[in-house]
Structure formats: C-alpha cells, structure tokens
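# curious how this folds, go ahead:
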Amino acid sequence: MGTEVTNPVAAFIEEARKAGAQVHQAPGPEEACVCLIKLAKEHKVKVAVKSKSQIADNIKLRQRLEKEGISVVETDLSDGLSQLLGDKVAGKMTIGYVQQLISGATGQKLEADPQVLLDAANTFFKQNCMEADLGISEAMLGIAETGSLVVAGDEGVTRLTAVLPRIHVTLLESQNIVPVMEDVLTEVRKRNPSLASQAMPAYITYITGRNTTADIPGAVLARAQGPAEEHIIVIAGAGEEAVA
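Numbering: from 1, shown residues only. Predicted coordinates for the structure are as follows:
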C-alpha cells in the first residue's frame, strides 16, 4: 500500500477484509455491544473468555452476555478474581482468601503461596481459553496499511484469549488506527496500560486476518495457530461517518 494513507479507517477496513477478517462498524460502544451479542447468538456460543477491555467493562458486556445464557470467564488475573468474588472490590484480599478462591475455582487444595496460586490461576484461565467458543479482546491499535490488530497485555493469557477459541472478536476504537507499521512502537509506548515502571507491555500480539489452517481437514494445530473466524468491531469516534 505504501506509506501514504489518507483515510486510515477506510484503509484498515479494506485491508482487514482482504486478509480474511469480518469487519463490523458501530457508531458507539452500545451498538458494538449489540453487534457482539448478535454474533455470539448466531454462532450458538455457550462459553466465552474475555481479556481486559475498558470498552467491554464500560458497557457491562460480560453481564449482558450472561443474561443471554452465555458463560463468560474473565482471563485477566485481577478481573478474574473480582469475578470469583462476585464483582466485589478485590484490592484488599488476604493471601488466604485468594487461596480459597483459586482452590475453589480449580478444584484443587492449593498452598497459600503466591507463585503456586498464580500458576494455578494461569492454568485455569488457559484451560478456559482452550474450551471456549468465543474470545473477546480489545485492540490497543489497528494498522491501516496491513489491516492488522495490535493486542497488548502483561499476561500471556491475553494472547491465548485471542488465538485459542474458534471465534475471536476484537473491539477497536477508530481513533486508535495508525497509518503504518512504523507508527506502532511510538503509539504503544504512549498508550501502554501497564504500570509506569514497565517500558512496554510484556506481550504484544499482531493479528492479521483469520487462521486459514482451520480450513485444512484434520489439521492438528489449527486452533493453536488462531481462530477460524476473526471478527473486528470498529467503533467510530464522535461525528465520524461509517465506511461502506
């Protein structure tokens, strides 16, 4: 495509579709929520996993999916613990309480050791990613010249949420679409949701299109290489018109 991108949103949508992703447009977060729920119901999704997403949390996406009979597991550690607590504040939990929560979720009698509990929680979330019908992520960035998504986080399960379920839906705000690949490093540093002491997120995943390995009958590694369907919901900014 070259480095001249006059309309990054239109270019992103065009390139993402060329790469095999199914792109949907929403004028705002509420419409994005309705679109995602519709997709989940059309695909008869029973179990979904969701990585950290401010957009999804603001519109209470998990709770709304659950009202539709779809089980949703939060794969971010802090969000997952909060979910086990029933969405109560999890900031002042003792190690003993965390031990009870994770032991109950995994069905194991675990030691009150932080590393043991962390490992058990990560294994629990990974297993849920492997069994889920749908993965839900929020992209930090979209790249117009390639139609790629940039999903970032500090936990490995962020990547697994995006690649292991058979269907993956990514929420992307249109203002977070950059023209070219060379813009990513600068923007990631600016938009890094991690702690200030960390220069970069621990995991940065680039997603372009869908996993065509899933088209090969009997392909053993099909799911390990990505979902069979990649859906992107581009959420327009204020006053922005939809692209045809």
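# contacts, neighbours, all on C-alpha from now
Fine.
# domain map for the chain?
Split into domains by automatic domain parsing, the chain comes to 8-73+133-235, 76-131.
# spatially, which residue comes closest to residue 166, not counting chain neighbours?
Among residues not flanking residue 166 along the chain, residue 227 sits closest, at 4.5 Å (CA to CA, 6 or more residues apart in numbering).
# if you could redo that for residue 25, that was the one I meant.
Excluding the flanking residues, the one nearest residue 25 by CA to CA, 6+ apart is residue 234, at 4.9 Å.
# quick one: that neighbour is in a strand?
Yes - under DSSP: H, G, I helix; E, B strand; the rest coil, residue 234 falls within a strand.
# that one touches residue 26, doesn't it?
Yes - if you go by CA atoms under 8 Å, residue 234 and residue 26 touch, sitting 6.1 Å apart.
# neighbour count winner among the two?
Shown here are residue 234 and residue 26; by other CA atoms under 10 Å, residue 234 has more neighbours (27 against 21).
# so what's the residue count around residue 58?
Residue 58, neighbours per other CA under 10 Å, totals 10.
# helices and strands of this protein: which one bottoms out on pLDDT?
Among the helices and strands of the chain, helix 184-191 carries the lowest confidence by mean pLDDT, DSSP states H and E, at a mean of 79.
# who does whichever helix or strand comes after it touch, helix- and strand-wise?
Reading on from helix 184-191 to the C-terminus, the next helix or strand found by DSSP states H and E is strand 203-208. Applying 3 or more CA pairs under 8 Å, 6 or more residues apart in numbering; DSSP states H and E, one finds that strand 203-208 contacts strand 148-153, helix 157-163.
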